[in-house]
Every structure is written in structure tokens, then in C-alpha cells.
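K.L.:
Sequence and computational prediction follow.
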Amino acid sequence: MSRFVRQSKVRHVYCQPSKPEEHYSNIRLSTATGDHNYIKANTKYFAVPVATGGGSLAVHPLDDKGRLPAQPPVLDGHRGAVLDFDFHPMHENLIATGGDDSAVKIWGIDEGGLTESVSEPLVDLKEHQRKIVVMRFHPTAEHVLASGSADTTVKVWDVMKAECKVTIEHRELLQDVVWNWDGSMLATSSKDKIMRLVDPRSGSITGEVEAHNGTKTSKLTFLGTHGTLCSVGFTRQSKRQFKIWDPRKLSTPTCTTDIDQAAGVIMPFYDEGTNLLFLGGKGDGNIRYYEIVNEAPWQFAIEDFRATSPCRGLAVMPTRSVDTTKCEVVRMLKLTSNSVEPLSFICPRKSDLFQADLYPDCYAGKAAMSADDFFDGKNKSPVLQSMDPAHAPKDASAPVAKAFKPAKSASQLQSEVDRLQKYVDKLIGTLEQHKIRVPEP
């Protein structure tokens, strides 16, 4: 037997589930069927679709633990079910939703959370012809959003201008859409089993390959600054597996790993600071995690966290929200049939000092460039911040009104012109009744 032990700072990472009093309970999900991930979170809120009639999304403050009200305030502007949604990564009080009614909507959340239901979005984007199945904000450019629809198109939006900039055609139903580290590339998976790499500004497909030969849904995630891409899918024999791909050489995967034989679609999440890839299956009670490395065999299995409650969805919170004093490296929210359970992944250390090797600079939640810069062809890496509490930046999140002022559409401007013209005509009529001459303009 070899005495060699591979050096790894995350080899002993374990999951610490939360206590029942720390759960968010009494959640009535609108649906948990299908391959969608029905929960998203940022450092302030988590969002889940709830059964209150129509397409309703509850946005709940993370600080308010315990039992949710029977009729929570919701965002209820969709005529059909909300199928996917995404928090704005630079403005935490903004969220985009996509529904069964083929509409994409941008919403503002008052500081502290919703106090009453809201039915009027800040922006309504209606160019898709069928239901919206996936939503992803750009990681570095402000107000850039990608949406995938059952009409087999991916659209890239400038939501500030309420304008679709690029439409990318596919042959079959979209299953996933993800951005790479700096947002210079999109990867998509669809029902035809093909994984595509796309230039998000020209819409041209730069590479494609059959990622998995099974017929079930395939999900994707880029592996941060490694530059590689992970796909999770099924074989013809319905075995679940994941593959790691080099976007520069898609002919063969860098690594193929069989997981098990089960029916649930696996949702992949990657943490840049620890190089850990988390895999959670819908309907599973366990979460597997692997360390990603830059040489063969490219991945090492770390642990398999097991629980009795099946998972309906998973959300990984931003790294800047973890508790460094407890050596917490990743924090997740696990959605069950009627509750949300926080999960903490801990890397045990004996020292109480700040562990710099566990906490490299992380994503700061700030824009590196504007949408115009992005569509003009610029690329910039994400803005980072220190994880050291001694250097932690103060929360300077802007109010919704200042953070997002959507441009008015041509129809809205024309409607205002018509309204003002009627008002002017009425004023002129009143002046003429009093025999007051109105000068020519």
C-alpha cells in the first residue's frame, strides 16, 4: 500500500446542516416537477415560486428565519407559472423572472424585502414566443441578461434599454445556459444532446459536441478561472455522469466520471475559492463534492453529504456571505417540499486567525463594465474583494431607484407625447374661450 497522501487544503471539508429553528418553513411550492432549479439566493434574500395563484414568486429576507406567512407578499405579474429566475449579481434588490407566459420581467425589491405583493415590473421584455426555461445575468457587465426559451432561442438583452441585442437559434428545447468567468462566452445544452459554445455578441456558434448520449436533461457550469467547462448528464444506460471539457478542444472530454444510476437531474455548482464542484440531484438526499485540479486525473472525490429529506432545488450563496470565523467555505440553501434548509460546508482549522489560503479574493458583486462596453466587444474580469474581515468593504448597495432606471420604449414615449398633446390642446381651448390669444410656437 502506498504511503503517499495527496496534499489538499479541502480534503477534510464536511457539511454542517442547520438546526430546525434555523430553517424557513411553511413554503407552499407552486411546483417542483421538471428539471428547473426552484430556488435562488444572494446575500440578502432567497426566492422560490409559491402556490398563490398565477405565476407568483416569493422573495424572503434571509434574516427572517422560521415559519413563513400562509400568504406571503409575492411578485405576481406572470400569467403562468414562474419557471426560472435570477438575482442581479450587482444590484441585490433586482431580480429577473421568466414564466410560462413567454415573458421576461425585471422587478425591484424594496430594502428589507417585500411588504406587499407587486404586480407591475420595472421592465417587461416580450420577444420570446414560448415559455422561458432559463435565466442568467452576465457576471461582469451591468444589466446584461441571457434568457433561454422553449422557442429554441437564447436572447441576450440590455435590460436597461429593454432591448434584445442578440438572438441565438437552436434546433431543440434549451436545457441550460451559462456564462464563463468573464462573460466572454456562453455555453448551452439542449434536447438534441448537443453542447454549444456561443459568442454572446455575434450569436455565432464557435464549437459544439454531443456531451452525453442519454436522452435526459444535461446541465452545465464553467469551472471559474480554470477555463474549463463541466457538463452533467446521462449515458444511454441512464447512468449519471459528469465530464470536464476544454473549450479549445471539444473533440474529446478531458475527464469523464460516472456517478451512479438514478433518475434525478443533477445540478452542478462550482466554488472558485476552494476549487470544489458540488453535484446535487433532484429528488436525492445527498450532495457530492469534488476537488478540481489542473492535471490528471483532473478531479478527486472529497465527500458525500447525506440527508433524509429529498432535494427539490439548491442555491449556492455568494462567497462573500460565508462566516470566515467558523472556517465556512461554502453556504447553500436546500429546498425541500415545504422548507428551505441552510447548509454550511466547513474546512476545519485549529487556529482562530483568518485563513488566507482558504479565502482568496472573491467576487465583489460590482460591475466591471457597462452593457454598452460589453456589446462594443470589451471583456473584463470580475471585480474582486478581500475576504479578510479586517479589510471587508462596507455594504454600499444602492437603493433600487438609484441602481436601475430603465429607459422608456418608443411606444411609452409616444404615449406620453400623445397625453401631453391632449393636455396642451385642452389648455389652448380654455384660453380661447376666455378670448386670450395664444401665440404661435
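P.N.:
Structure received.
K.L.:
Next, the contact list for F305, please.
P.N.:
14-15, 286-289, 343 (C-beta atoms under 8 Å, 6 or more residues apart in numbering). Every C-beta, even on glycine, is put in place using the N, C-alpha and C of the backbone.
K.L.:
What remains of those if I keep only buried residues?
P.N.:
Buried by 16 or more other C-beta atoms under 10 Å: 15, 286-289, 343, out of these.
K.L.:
nearest to D373, of those residues?
P.N.:
Y289 (35.6 Å; C-beta to C-beta).
K.L.:
Now tell me what touches the host helix or strand of the closest one from outside.
P.N.:
According to DSSP states H and E, Y289 maps onto strand 286-292. With contact meaning C-beta under 8 Å, 6+ apart, strand 286-292 is reached by 8, 10-11, 13, 15, 223, 226, 228, 244, 257, 259, 270, 274-280, 298-307, 311, 314, 332, 334, 343, 345.
K.L.:
that older thread, and the buried ones among the contacts of F305, which two are the farthest apart?
P.N.:
Pairwise distances across the buried ones among the contacts of F305 (C-beta to C-beta) peak at 13.2 Å, for the pair R288 and L343.
K.L.:
Parallel or antiparallel, which strands does the strand holding Y289 pair with?
P.N.:
Each strand that pairs with strand 286-292, with its direction, by DSSP bridges: strand 276-281 (antiparallel), strand 299-306 (antiparallel).
K.L.:
For M369, find the nearest of these.
P.N.:
strand 276-281 (28.1 Å).
K.L.:
who touches the closest one?
P.N.:
10, 13, 221, 223, 230, 232, 240, 242, 259, 262, 264-271, 286-292, 299, 302, 311, 314, 316, 329-330, 332, 334, 345.
K.L.:
Keep only those of the residues you listed that are in strands.
P.N.:
The strands, defined by DSSP state E, take in 221, 230, 232, 240, 242, 259, 266-271, 286-292, 299, 302, 314, 316, 329-330, 332, 334, 345 from these.
K.L.:
returning to what we had before: alpha carbons of the strand holding Y289, as PDB, please.
P.N.:
These are the backbone C-alpha positions of strand 286-292, laid out as PDB (Å, rounded to 0.1, in the frame of the first residue of the first chain):
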ATOM      1  CA  ASN A 286     -27.200  13.600  -0.800                       C
ATOM      2  CA  ILE A 287     -24.700  16.200  -2.200                       C
ATOM      3  CA  ARG A 288     -21.400  15.100  -3.700                       C
ATOM      4  CA  TYR A 289     -18.400  17.300  -4.000                       C
ATOM      5  CA  TYR A 290     -15.200  17.000  -5.900                       C
ATOM      6  CA  GLU A 291     -11.900  19.000  -5.900                       C
ATOM      7  CA  ILE A 292     -11.000  20.200  -9.400                       C
END
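K.L.:
between it and strand 328-335, what angle do the directions make?
P.N.:
Using axes from the mean of the first three to the mean of the last three C-alpha atoms, to 10 degrees, the direction of strand 286-292 lies 150 degrees away from that of strand 328-335.
K.L.:
just the strands paired with strand 286-292: most buried one?
P.N.:
Among the strands paired with strand 286-292, the stretch with the highest mean neighbour count (mean count of other C-beta atoms under 10 Å) is strand 276-281, at a mean of 23.
K.L.:
angle of it against strand 266-271?
P.N.:
160 degrees.
K.L.:
State the mean pLDDT of strand 276-281.
P.N.:
Strand 276-281 comes out with an average pLDDT of 96.
K.L.:
can you pull the alpha-carbon coordinates of that strand into PDB?
P.N.:
Written as PDB, here are the backbone C-alpha positions of strand 276-281 (Å, rounded to 0.1, in the frame of the first residue of the first chain):
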ATOM      1  CA  LEU A 276     -14.900  22.400  -5.300                       C
ATOM      2  CA  LEU A 277     -17.500  21.100  -7.700                       C
ATOM      3  CA  PHE A 278     -20.800  20.400  -5.900                       C
ATOM      4  CA  LEU A 279     -23.400  18.000  -7.500                       C
ATOM      5  CA  GLY A 280     -26.900  17.800  -6.100                       C
ATOM      6  CA  GLY A 281     -29.600  15.700  -7.700                       C
END
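K.L.:
any chance you could map the strands in the stretch 1-150 of the chain?
P.N.:
Under the criterion DSSP state E, counting those that start in this stretch, the stretch 1-150 of the chain contains strands at 14-17, 24-25, 40-41, 45-50, 55-61, 66-67, 74-78, 82-87, 94-99, 104-108, 123-125, 132-137, 144-149.
K.L.:
Quick check: P121 vs G55, distance?
P.N.:
12 Å (C-beta to C-beta, to the nearest Å).
K.L.:
er, P382 actually
P.N.:
Taken as C-beta to C-beta, the span from P382 to G55 is 32 Å.
K.L.:
same thing with D271?
P.N.:
From D271 to G55 the distance is 31 Å (C-beta to C-beta).
K.L.:
okay, those two: which has more neighbours?
P.N.:
More crowded of D271 and G55, by other C-beta atoms under 10 Å: G55, with 24 against 20.
K.L.:
Name the nearest residue to the more buried one, sequence neighbours excluded.
P.N.:
Once flanking residues are discounted, G55 sits nearest to H78: 2.9 Å by C-beta to C-beta, 6 or more residues apart in numbering.
K.L.:
For the stretch 101-250 of the chain, give me the ranges with low pLDDT.
P.N.:
By pLDDT under 70, the stretch 101-250 of the chain has no low-scoring segment.
K.L.:
Could you give the backbone dihedrals for the closest residue in space to G80 that isn't next to it in sequence?
P.N.:
Take G80 and drop its neighbours on the chain: the residue closest to it by C-beta to C-beta, 6+ apart is D100, 2.8 Å away. Note on D100: backbone dihedrals following degrees, to the nearest 10 are phi -70, psi -10.
K.L.:
Much appreciated, bye for now.
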